[in-house]
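Engineer: quick one, fold the following:
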Amino acid sequence: MAKYRATNTLNNIGILVYLCLKLDNMKYFIIAGEASGDLHAANLMKALLKKDKQAEFMFLGGDLMKAVSHKEPLIDYKKMAFMGVIDVLKNIKTIYHNFKRTKKALIAFKPDSVILVDYPGFNLKIAAFAHKKGYKTTYYISPKLWAWKEGRVKKIKKYVDQLLVILPFETDYYKKHGIEATYVGNPVVDAVKNHQGKSRKEFLHQNKLKDKPVIALLPGSRRQELKMILPGMLKIIKKFPGYQFVISGAPSFKPEDYHYWLKNYPDIPVVFNQTYDLLQHSHSAVVTSGTAALETALFKVPQVVVYKTHNWQYAIGKHLVKIDFFSLPNLIMQRPIIPELLQHEFNTQNLTKHLKALNKGPEREQCLKDYEALENLLGKEPVSEKAANEIVAFIKKQKPAN
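Structural biologist: A predicted model of the protein is given here:
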C-alpha cells in the first residue's frame, strides 16, 4: 500500500511537472489596430517574453511589434486605421478581407490566448468569433464604453473572458454592469518612463532646428484628423514669433502627406518616429485629443487639446457621448487641468489665448503641478509586466480544465 501511495505521488508530481512544462511556449494572437496599440502591444510582448522566452506570437500590428517578435505582422495596422462612416464605406472591401484573413489565421495558429488591444470596432467582432471557436480572449486597454456606444458592454460581458483596464475609474464602471475588470495601470506610464531619448543638442542638430523654445504640434494619425485639425494648428504660428513649431509626423503617413498642408509654411519641419524626443524637448504643445494628450502630460509639457470633425458628425456625437471631459488627462483627474477646444471653439483666437497662457505665468505653473498629481494617481508600477502576469495566470487557471 505504501509502495502504491509513493508511486501515485510520483505520478501526480509528474503530471504537475508536465503541465508546468506545457505552459511554456505559449501562443498569443494579438490584435492592435493603431499606432498607440502597436506601442503598448509591443511592450506587452516584451513582458510576456520575460516570463516565457519560447512564447510564440501571431499579430496584427506594426513595426514595434515586429521588432519584438522578429516576425512580419499578419496585417499592418496602417491598412486597418479607418475612421468615420465615409472612410469605412470607402474601404469596406479591405475591412472584409482583413476580417476573413484574421479569422482564418486564428484557427490555423490555435493560440492559448487571443489578446485584443483597444480598436473595438474590429476587435469585438473577433472576440465574438474567438468565443464561438472556443478560444479564451483577453481585452487589454478596453473600449471607452463609458464615453459612447455603451451598448457594446453586452458584447464584452458575453465574449471577453478577461478584462484588463488602464484607467482607474473603469473598474467601478464595469462592476456596475456585472463585469469583473482588473486595473493594471496605464501603459503610457511605462512607455514614457522607458524612453531613452536624445539630448536637446542632438535632437536640434539632427532635425536642423534652431536653438529656440519648441512648440510641438501633434495633429493625429488619421487622414481625417490631418485634414480637419492641422490647418487650424498652423494658423497660430505667426502669433508666436519667439518660438519654433515642429510637427510630429504619424507613422501611418509619409512626408508627402503633409506637403499640401504646408505649402504656405515651408519652414515648419515634420519629424517622424521622434514623438517622444519631440515632447521631451518641447516647451508647450497643441495636441489632437487621444492617447497623445496623456503622453504629453506625462512628459510634463503644458498643452492645449483640440479636436474637430465634420459638423454633422459632431452634432450626432455630442448627443451620444456621455462624458464631462474629452481629453484623457482631464477624464482621469475628473477636473479640467488642461484646456480643451472642440469643434467651433477650436479657432485661432481661442488657441492663441490658451497657448500664450501656458507658455509662461501662473497657468503654466498650475498645469505642471496638476501633471504631478496625475502621475501619482496613475501609479508607477511596471504596467506591461503586471498585465503579462495577469494574462499568464489566467491561462494557467484554464489549462488544467482542458
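Engineer: wait, Val117 sits on Tyr140?
Structural biologist: Yes: at 5.4 Å, Val117 counts as touching Tyr140 under the criterion of C-beta atoms under 8 Å. Glycine gets a C-beta too; all of them are placed from N, C-alpha and C.
Engineer: and the pLDDT for Gln12?
Structural biologist: Not Gln; residue 12 is Asn. The score at Asn12 is 53. That number is its pLDDT.
Engineer: report the set of residues contacting both of Val117 and Tyr140.
Structural biologist: 40-41, 44 (C-beta atoms under 8 Å, 6 or more residues apart in numbering).
Engineer: okay if I get those as JSON lines plus secondary structure?
Structural biologist: What follows is these, written out as JSON lines (DSSP: H, G, I helix; E, B strand; the rest coil):
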{"residue": "His40", "secondary structure": "helix"}
{"residue": "Ala41", "secondary structure": "helix"}
{"residue": "Leu44", "secondary structure": "helix"}
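Engineer: out of these, which comes closest to Leu278?
Structural biologist: Using C-beta to C-beta, His40 is the member of the shared contacts of Val117 and Tyr140 that sits closest to Leu278, with 19.3 Å.
Engineer: ok, for that closest one, nearest residue in space, not its chain neighbours?
Structural biologist: Pro187 (4.2 Å; C-beta to C-beta, 6 or more residues apart in numbering).
Engineer: neighbours around that neighbour, how many?
Structural biologist: 26 (other C-beta atoms under 10 Å).
Engineer: thought it was touching Glu385?
Structural biologist: No: counting by C-beta under 8 Å, Pro187 does not reach Glu385; the two are 10.6 Å apart.
Engineer: could I get the buried residue list for stretch 179-187?
Structural biologist: 179, 181, 183-187 (16 or more other C-beta atoms under 10 Å).
Engineer: how far does that stretch sit from its chain's centre?
Structural biologist: With C-alpha atoms, centre = their mean, to the nearest Å as the basis, stretch 179-187 stands 14 Å off its chain's centre.
Engineer: what about that stretch, how long is it end to end?
Structural biologist: End-to-end distance of stretch 179-187 (C-alpha to C-alpha, to the nearest Å): 22 Å.
Engineer: what residues does that stretch touch?
Structural biologist: 39-40, 43-44, 140-142, 153, 156-157, 162-168, 170-171, 174-175, 294, 378-379, 381, 383-384, 386-387, 390.
Engineer: just the buried residues from those residues, in PyMOL please.
Structural biologist: Burial among the contacts of stretch 179-187 is assessed by 16+ other C-beta under 10 Å; the matching PyMOL selection reads:
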select buried, resi 39+40+43+44+140+141+142+153+156+162+163+164+165+166+167+170+174+294+378+383+384+386+387+390
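Engineer: ok, back up a step: now the buried residues of stretch 179-187 in a markdown table, with pLDDT and distance to Lys239?
Structural biologist: Output for these, formatted as a markdown table (pLDDT from 0 to 100; distance: C-beta to C-beta, whole Å):
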| residue | pLDDT | distance to Lys239 |
| --- | --- | --- |
| Ile179 | 96 | 48 |
| Ala181 | 96 | 44 |
| Tyr183 | 94 | 41 |
| Val184 | 95 | 42 |
| Gly185 | 93 | 38 |
| Asn186 | 92 | 33 |
| Pro187 | 90 | 35 |
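Engineer: want to try CSV for these, with secondary structure and distance to Val68 as columns?
Structural biologist: Shown next, in CSV, are the buried residues of stretch 179-187 (DSSP: H, G, I helix; E, B strand; the rest coil; distance: C-beta to C-beta, whole Å):
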residue, secondary structure, distance to Val68
Ile179, coil, 30
Ala181, coil, 26
Tyr183, strand, 24
Val184, coil, 19
Gly185, coil, 20
Asn186, coil, 20
Pro187, helix, 14
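Engineer: isn't Gln206 right up against Gly197?
Structural biologist: No: with contact defined as C-beta under 8 Å, Gln206 does not count as touching Gly197 (11.4 Å).
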